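Engineer: Turn this into a structure:
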Amino acid sequence: MTEQMQAEIVELNLRLEEIDDPRRSFAIVQEKIRGYRKRGQQVPEALSLMERRLAAECRIESQGR
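Structural biologist: Okay, here's the model as predicted:
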């Protein structure tokens with residue numbers, strides 16, 4: 001992973017920490033992933049992990065836990 005990718009992920013993490021709604025965070029992460037794919041770049045593993053974690057949080061919240 002390039003330094004630029006690492007910096008973007010750090011910035012994204014900071015942004016997501018300020019958001020209380022996991023659905024909104026999930027949408028932001030998915031938008032970032034789409035951008036990588038659109039540019040033909042490999043999606044960083046850290047971003048994929050964020051997506052999975054947020055998807056799980058959304059499921060938990062939707063079940064009222």
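Engineer: host element of the residue nearest the centre of the chain?
Structural biologist: The chain has Val29 as the residue nearest its centroid, 2.9 Å off, counting by Cα atoms, centre = their mean. Applying DSSP states H and E as the criterion places Val29 in helix 22-38.
Engineer: Just checking the distance from that helix to the centre of its chain.
Structural biologist: On the basis of Cα atoms, centre = their mean, to the nearest Å, helix 22-38 sits 6 Å off its chain's mean C-alpha point.
Engineer: who's in contact with it?
Structural biologist: 8, 12, 15-16, 19, 42-44, 47-48, 50-51, 54-55, 57-58, 61 (Cβ atoms under 8 Å, 6 or more residues apart in numbering). For glycine as for every other residue, the C-beta is placed from the backbone atoms N, C-alpha and C.
Engineer: Can you identify the element that follows it toward the C-terminus?
Structural biologist: Past helix 22-38, the next helix or strand by DSSP H and E is helix 45-62.
Engineer: which regions of this structure sit below the pLDDT cut-off?
Structural biologist: Low-confidence segments of the chain (pLDDT under 70): 65.
Engineer: If we use 80, what do you get?
Structural biologist: Residue ranges of the chain with pLDDT under 80: 1, 64-65.
Engineer: Skip the chain neighbours and tell me the closest residue to Ser48.
Structural biologist: Spatial nearest neighbour of Ser48, excluding adjacent residues (Cβ to Cβ, 6 or more residues apart in numbering): Ile33 at 7.5 Å.
Engineer: try Ile19
Structural biologist: Ser25 (5.0 Å).
Engineer: ok, that neighbour - how many residues close by?
Structural biologist: Using other Cβ atoms under 10 Å, Ser25 has 22 neighbouring residues.
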